[in-house]
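1. Below are the sequence and a predicted model; questions follow.
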Amino acid sequence: MKNKSQEKIILSAEIRNLVGKKAKKLRKQGLILANIFGQDFKSQAITVNYKDFLKVYKIAKETGIIYLQLKNQELPVLIKNIQKHPITDQIIHVDFRKIDLNKKIKTEVPIKIIGESEAVTQKGGVLLIQSDHLLVEALPENIPQEIEVDISIIKDIGQEIKAVDLPKSDKYEIKTPLEKVLVSVIAHKEESAAPETTTVTPELVEKEKPEEEKEEQKSESGKQTTDSSQKQ
């Protein structure tokens with residue numbers, strides 16, 4: 001929870017000795033199973049209180065620094081991944097990334113669309129969001145909670161906003177490829193022109209996976225190809 005006197009977000013944690021199926025009973029006690037990992041840091045299994053975590057997450061999201069109180073330590077971390085139950089949607093596991101406050105890190109930051117596009121409101125275009133995150137590099141305390149993308153600069157159908165079009169900041173650097181298209185406005189497709197089996201949804205917003213996740217998939221794909229070649 002937030003400690004107003006120290007102006008930082010603090011969350012208590014306990015070391016977890018139970019793993020696998022045995023650890024599931026901890027969830028019935030109102031706890032979330034979690035792990036801490038990081039560079040030059042030995043991975044540690046922990047638990048955090050469910051209600052306390054929800055309060056912290058509401059403030060910090062994925063980009064705010066959280067100080068985990070673990071035994072006699074206070075570890076600065078970022079929330080890296082949240083796993084939810086597919087049916088109940090309850091949080092069942094969290095990964096915390098241990099960080100060094102004096103070293104720059106790369107992380108994904110959400111995009112927030114602001115403004116109105118004349119191409120949409122007056123010319124009947126459809127707004128297409130092609131990426132919902134940007135990869136940035138910054139000191140942990142300078143990581144923005146979100147990066148605004150003002151679509152009011154899009155006046156005509158066919159125009160787009162790329163990463164290079166965003167305002168520069170002296171606190172962080174955008175590492176997403178500069179020619180990456182973030183938002184565009186396309187012409188409205190008539191329903192009559194679509195195949196009978198297709199339902200046209202002009203409001204559909206397509207999103208791409210974060211840069212970090214795509215890099216991991218590329219690495220895994222390359223590994224599978226190598227393994228297959230060796231077997232042959």
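-> On my side now, so go ahead.
2. average model confidence for stretch 148-168?
-> Stretch 148-168 comes out with an average pLDDT of 96.
3. buried stuff in that stretch?
-> 149-151, 154, 157, 159, 161-163, 166 (16 or more other C-beta atoms under 10 Å). C-beta: built from backbone N, CA, C; applies to glycine.
4. So which of those are in strands?
-> 149-150, 161-162 (DSSP state E).
5. coming back round to it: which of the buried residues of stretch 148-168 lies closest to Gln44?
-> Using C-beta to C-beta, Ala163 is the member of the buried residues of stretch 148-168 that lies nearest Gln44, at 35.7 Å.
6. Could you check how many residues crowd around Thr107?
-> 22 (other C-beta atoms under 10 Å).
7. so what's Gln69 closest to, chain neighbours aside?
-> Using C-beta to C-beta, 6 or more residues apart in numbering and skipping residues adjacent in sequence, the residue nearest Gln69 is Ser12, 4.9 Å away.
8. Please, which helix or strand holds that neighbour?
-> strand 8-15 (DSSP states H and E).
9. can I assume the residue nearest to Gln69 is in contact with Asp52?
-> Yes: contact criterion C-beta atoms under 8 Å: Ser12 and Asp52 qualify, at 6.8 Å.
10. quick check, distance from stretch 125-134 to the centre of its chain.
-> How far stretch 125-134 lies from its chain's middle: 15 Å, per C-alpha atoms, centre = their mean, to the nearest Å.
11. what's the angle between the lengthiest strand in the chain and strand 8-15?
-> Counting residues, the longest strand found in the chain (DSSP E) is strand 73-84. Per axes from the mean of the first three to the mean of the last three C-alpha atoms, to 10 degrees, the angle that strand 73-84 makes with strand 8-15 is 80 degrees.
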